[in-house]
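A.B. asks: Have a look at this prediction, sequence included:
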Amino acid sequence: MQRSVMGHYFEEFKVGEVIEHELSKTIFESDNNLFSLLTMNHHPVHLNHDYALHNQHGRILVVGTLVFSLVVGITVPDISGKAIANLIYEEVKHLAPVFINDTLYAKSKILEVLPSKSKSDRGIIYVETVGYNQQQIDVLSFKRKVLIKKRNS
């Protein structure tokens, strides 16, 4: 049996490479409720079925920051598992609503690979990630820069 890999070293990332992430996650009502309460987002569109029923989507809308957190988490084994730090997240876009029982998937494209100018044992990768649901509808996109170890650091 082969061990699972947690992340990749800087040298392994190639500009233009697209990674279809293996992990996925169905969002259950308990996930949305717990995340809403932990993060103090008590908006009724996320927690009140009757309120949501009578508003734009007609059902409970999953909290956007939960969607973001899950899509980032889905990418960790491939993108940031050997990271020293996530340096920046940018251009976070919620492209379509996410509902209870939707399943999230993600893919990432490597945009840039930049060796560190100050330390030879690391580099920065610039990545764009798109999260999509079970119907292949893009629901979220974002870009980030991740500081990654080199193999022999």
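C.D. replies: On my side now, so go ahead. Here the structure is a predicted model, which means the values were calculated and not measured.
A.B. asks: Figure out the helix or strand that Arg144 lives in.
C.D. replies: strand 138-149 (DSSP states H and E).
A.B. asks: ditto for Glu112
C.D. replies: Using DSSP H and E, Glu112 falls within strand 103-115.
A.B. asks: Buried residues, that strand. List them.
C.D. replies: Of the residues in strand 103-115, those scored as buried under the neighbour-count criterion (16 or more other CB atoms under 10 Å) are Leu104, Tyr105, Ala106, Lys107, Ser108, Ile110, Val113. (Glycine included, C-beta is placed from N, CA and C.)
A.B. asks: Distance of Phe99 relative to His46?
C.D. replies: For Phe99, the distance to His46 equals 11 Å [CB to CB, to the nearest Å].
A.B. asks: Overlap in contacts, these two.
C.D. replies: By the contact definition CB atoms under 8 Å, 6 or more residues apart in numbering, Phe99 and His46 are jointly contacted by Ile60, Leu61, Val62.
A.B. asks: how far off strand 138-149 does the biggest helix by length in the chain point, in degrees?
C.D. replies: As assigned by DSSP state H, the longest helix anywhere in the chain is helix 64-75. Calculated by axes from the mean of the first three to the mean of the last three CA atoms, to 10 degrees, helix 64-75 forms an angle of 50 degrees with strand 138-149.
A.B. asks: Roughly how far does Arg3 sit from Pro77?
C.D. replies: The gap separating Arg3 from Pro77 is 12 Å, by CB to CB.
A.B. asks: Between these two, which is the more surrounded one?
C.D. replies: When Arg3 and Pro77 are compared on other CB atoms under 10 Å, the one with more neighbours turns out to be Pro77, at 17 against 5.
A.B. asks: and the more buried one, what is it in contact with?
C.D. replies: The neighbours of Pro77, taking CB under 8 Å, 6+ apart as the test, are Ser4, Val5, Met6, Gly7, His21, Glu22, Leu23.
A.B. asks: Next one: the fourth one relative to Leu23, how far apart?
C.D. replies: What that stands for is Gly7. Going from Gly7 to Leu23 by CB to CB gives 13 Å.
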